[in-house]
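Participant: need coordinates for the below:
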Amino acid sequence: MAATEAGVEPGRLIEITDPGDVRIAEFTSIRERDLTGRHGQFVAEGTVVLSMLAKAHAGFGSVRAEKLLLLKNRVAGLSDLIERFPKDIPVYVAEAAVLDAIAGFHLHRGVLAVGSRSAPPELNDLVAGLPESSLALVGCGISNHDNIGALFRNAAGFTADAVLLDETCCDPLYRKALRVSVGSVLTVPYARQGSAEEVLGALATAGFEIWALSPAGEVEIGAVAPGRRVALVMGTEGEGLPAAILNRFRSARIAQAPGLDSLNVGTASGIALYAIARAMGRLG
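Facilitator: Predicted coordinates:
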């Protein structure tokens with residue numbers, strides 16, 4: 001059954017009344033499907049991420065929106081955003097009870113989309129394609145989806161050219177990571193492969209000066225005088241970066257109150273990126 005709302009082209013909306021409707025199968029039991037993987041697909045949740053998906057679909061060949069699923073009473077307020085998607089992207093709408101039954105939990109935002117992203121570039125290809133003046137953010141062993149999302153949000157906010165993750169990091173296209181990143185995962189170039197040593201080796205070969213972040217770092221982050229190509233390396237909370245990395249590369253610390261063990265990865269990456277991006281003259 002078709003549904004119409006003010007501001008949306010007549011016939012654009014498709015009403016879903018049966019939670020088992022095969023047309024919205026990708027949205028069913030979202031949490032369980034998050035755990036088993038989506039094979040190149042991802043779920044975008046919330047208006048901010050949906051807006052970033054529209055931007056990525058229009059401007060990035062690797063990202064495509066496939067379908068939208070919206071709470072019916074939110075459609076009128078989202079009409080401008082809906083119209084940013086091509087006409088061939090189906091827009092499904094449902095009442096709250098049906099939407100919750102589809103998702104498997106109460107979906108208070110009422111805004112979902114399924115998209116797909118082609119496989120990220122090979123590590124060496126991504127590094128080779130970075131500009132002569134570059135800032136890269138590296139994650140090693142980061143398994144918390146909130147932290148992964150924060151890395152991407154900070155990378156976007158502080159002009160990083162790429163995020164490089166080793167193979168032990170969790171998938172940035174996981175729904176929660178994507179949401180925490182406010183959609184930046186869809187626009188910031190990234191690779192996720194290889195060991196930490198392989199990632200850093202590729203950067204070192206390409207002429208990057210590498211700064212490993214640690215509470216025991218040798219130089220305070222604000223005192224770093226960066227060159228034209230810089231990589232900041234973040235480790236997992238608790239254990240931090242392996243000794244082999246700290247011994248091989250220069251290390252930096254963030255000054256903080258005595259008695260604290262460390263800052264969380266999201267906070268530390270934001271402070272470090274701000275300091276280095278500012279020192280490189282990348283911020284207005």
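
Participant: all helices of the stretch 1-150 of the chain, in order?
Facilitator: 30-36, 47-59, 79-82, 96-103, 123-128, 145-157 (DSSP state H, counting those that start in this stretch).

Participant: would you mark the buried spots in the fourth one?
Facilitator: Right, helix 96-103. For helix 96-103, a neighbour-count test (16 or more other C-beta atoms under 10 Å) marks 98, 99, 100, 101, 102, 103 as buried. The C-beta positions use only the backbone N, C-alpha and C, and glycine is treated the same way.

Participant: out of these, who's nearest residue 26?
Facilitator: residue 102 (10.0 Å; C-beta to C-beta).

Participant: residues contacting the closest one?
Facilitator: 16, 19, 24, 27, 28, 69, 94 (C-beta atoms under 8 Å, 6 or more residues apart in numbering).

Participant: the stretch 101-250 of the chain: strands as residue ranges?
Facilitator: For the stretch 101-250 of the chain, strands defined by DSSP state E, counting those that start in this stretch occupy the ranges 111-117, 134-140, 162-165, 190-192, 209-213, 219-220, 229-235, 250-253.

Participant: lowest-confidence entry in the contacts of residue 102?
Facilitator: Ranked by pLDDT, these bottom out at residue 28, which scores 87.

Participant: and the gap between that one and residue 197?
Facilitator: Using C-beta to C-beta, to the nearest Å, we find residue 28 at a distance of 41 Å from residue 197.

Participant: kindly report the same for residue 206.
Facilitator: For residue 206 relative to residue 197 (C-beta to C-beta), the value is 15 Å.

Participant: ok, now residue 182?
Facilitator: Using C-beta to C-beta, one gets 31 Å for the distance from residue 182 to residue 197.

Participant: do the same with residue 279
Facilitator: Residue 279 is 27 Å from residue 197, by C-beta to C-beta.

Participant: one more: residue 81?
Facilitator: 43 Å.

Participant: ok, residue 240 next?
Facilitator: 16 Å.

Participant: and these two? Which one has more around it.
Facilitator: residue 240 (21 against 14; other C-beta atoms under 10 Å).

Participant: report the beta-bridge partners for that one.
Facilitator: As for beta bridges, residue 240 partners with residue 236 under DSSP bridges.

Participant: show the contacting residues for it.
Facilitator: Residue 240 neighbours (C-beta under 8 Å, 6+ apart): 214, 215, 262.

Participant: check contacts around the second one.
Facilitator: Okay, so that is residue 215. 240, 253, 254, 256, 261, 262.

Participant: quick check: phi and psi on residue 83?
Facilitator: phi -70, psi -10 (degrees, to the nearest 10).

Participant: list the helices and strands the helix or strand where residue 275 lies packs on?
Facilitator: Secondary structure assignment for residue 275, by DSSP states H and E: helix 265-279. The contact analysis (3 or more C-beta pairs under 8 Å, 6 or more residues apart in numbering; DSSP states H and E) places helix 265-279 against strand 134-140, helix 145-157, strand 209-213, strand 229-235.
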